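Participant: what would the 3D arrangement of this be:
(one chain, ligands or ions: 1)
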Amino acid sequence: MAGLQLKGITKKFDDVIAVAKTDLEINDGEFLVLVGPSGCGKSTTLRMIAGLEKPTDGEIFIGDKDVTYLEPKDRDIGMVFQSYALYPHKNVYDNIAFGLLIRKFPKEDIKKRVLEAAEMLEITDYLDRYPKQLSGGQRQRVALARAIARHAQVFLMDEPLSNLDAKLRVQTRAEIIKLHQRLKTTFIYVTHDQTEAMTMGTRIVVMKNGIIQQIGSPTKIYNNPSNVFVAGFVGSPPMNLIQGKLVKDKEGFSFISTNISIPLSLDSASLAENKDVILGIRPESLIVTDVNAKDICFTCQVEVVEHIGAEAIIHTKIDNGEKVTLKVSGYNTLPKFGEVIGAKFDLGSIHIFDKDTELCLVSLNIK
Ligand code: ATP
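Facilitator: Next up, the predicted model:
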């Protein structure tokens, strides 16, 4: 078991800066998820930790050891990547066992670990098969079992579940979480899927264009996104982002947009008047109300209603053409296409972002 430190890590591929001056401390035993859209540099970061890419600048420590220029085999890490990298001429059992064999583990210990890992990944029935006799999903499960059987100091996983079908993905996700709880080893996990990040990580690192946007627990990232990008990336459906202005009168600050006027209890010292801002509100923090209700925040026109079991997602349009989504539960009747409905705040927070810098100026709890 070991923690890690990235100090000023940069990776350039010719003109492309894949990872820019990244500092990151990963605690011993934590489950850290690197998440972001395609091309944000999360795989390159992981590959540098693995030793598969050399940084252009900066240092990497595993525990107290500077591993920046060590070969992958000299770092005590277990890896699972999108490409399965299985030995085609070895059967599943031998593929899982191979790393242990070359490290001269006792045969009985190898067997125990291989069978345990195979059972966890539901591949016990395929132990005699060769990789070419397996589906892509089954091959990835073998790769996962191989890393699990290693019991390394640090596990690195790059989108290991993306080839599994939806049911197996959820099941394997839970198994990886359980495995982490059991081993208490450091896990670093890369995904573009924010749901995976939110459900698996003890801490999440949100990346964009090679730069870390925010680091925090899933709750922190969800409740206090540091900028517009994080706000829009984390959460499903994503946070509503409505453009407008902060206006001040004798009652205090209000957020004003085309047909929206929302009084805000804000500390005036921290904010400028007439500032162009973006208001962020999560779909589940809005509820449907009568268009004539006193406490209505705005009206909107229904475009699509999606039923998802106990909840429904109502996609609407406000007067300035921007889209606003409501996520409602425990409803009796749902509005119809084209209907104009009222929306008001329920529990949760609203967030005010600076339109120019896109940084969060303030997050307010809704009473
Ligand atoms: P994905 O989810 O699509 O794998 P990612 O967030 O993992 O994306 P990286 O693979 O780390 O992104 O790539 C970051 C940037 O570096 C991208 O712009 C990519 O095109 C570039 N890049 C990555 N590897 C190389 C390479 N070997 N040569 C040149 N450019 C590269």
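
Participant: the residue nearest to residue 28 when sequence neighbours are not counted: how many residues sit nearby?
Facilitator: Spatial nearest neighbour of residue 28, chain neighbours left out: residue 3 (4.0 Å); criterion: Cβ to Cβ, 6 or more residues apart in numbering. All C-beta spots, glycine's among them, are computed from the backbone N, C-alpha and C. Neighbours of residue 3 under the rule other Cβ atoms under 10 Å: 17.

Participant: what is the top helix by length along the chain packed up against?
Facilitator: In terms of residue count, the longest helix belonging to the chain (DSSP state H) is helix 166-183. Using 3 or more Cβ pairs under 8 Å, 6 or more residues apart in numbering; DSSP states H and E, the elements in contact with helix 166-183 are helix 136-150, strand 186-191, helix 194-200.

Participant: quick one, that helix and helix 136-150 angle?
Facilitator: Per axes from the mean of the first three to the mean of the last three Cα atoms, to 10 degrees, the angle that helix 166-183 makes with helix 136-150 is 0 degrees.

Participant: what are the contacting residues of helix 166-183?
Facilitator: Helix 166-183 is contacted from outside by 31, 120-122, 137, 141, 144, 148, 151, 157, 160-161, 164, 187, 189, 196, 199-200, using Cβ atoms under 8 Å, 6 or more residues apart in numbering.

Participant: if we use 6 Å, what do you get?
Facilitator: 31, 120, 161, 164, 187, 200 (Cβ atoms under 6 Å, 6 or more residues apart in numbering).

Participant: run the chain-centre distance for that helix.
Facilitator: In terms of Cα atoms, centre = their mean, to the nearest Å, the centre of helix 166-183 is found 16 Å from the chain centre.

Participant: number of residues surrounding whatever residue of the stretch 51-200 of the chain ends up closest to the ligand?
Facilitator: Going by Cβ to the nearest ligand atom, the ligand is nearest to residue 192 of the stretch 51-200 of the chain, at 4.9 Å. Neighbours of residue 192 under the rule other Cβ under 10 Å: 18.

Participant: shouldn't the residue nearest to residue 28 be in contact with residue 30?
Facilitator: No - counting by Cβ atoms under 6 Å, residue 3 stays clear of residue 30, with 7.8 Å between them.

Participant: so what's the nearest residue to residue 45 once chain neighbours are set aside up against?
Facilitator: Once flanking residues are discounted, residue 45 sits nearest to residue 19: 5.4 Å by Cβ to Cβ, 6+ apart. Contacts for residue 19 (Cβ under 6 Å, 6+ apart) come out as 9, 11, 41, 44-45, 210.

Participant: how about residue 263?
Facilitator: residue 254.

Participant: what's opposite it in the beta bridge?
Facilitator: Note on residue 263: beta-bridge partners by DSSP bridges are residue 254.

Participant: how much space is there between it and the ligand?
Facilitator: Using Cβ to the nearest ligand atom, to the nearest Å, residue 263 is found at 41 Å from the ligand.

Participant: what does residue 297 give?
Facilitator: Distance from residue 297 to the ligand, counting by Cβ to the nearest ligand atom: 37 Å.

Participant: what mean pLDDT would you report for the helix or strand in which residue 113 is found?
Facilitator: Taking DSSP states H and E as the criterion, residue 113 maps to helix 107-120. Averaged over helix 107-120, pLDDT sits at 92.

Participant: check the offset of that helix from the chain's centre.
Facilitator: The answer for helix 107-120 is 31 Å, by Cα atoms, centre = their mean.
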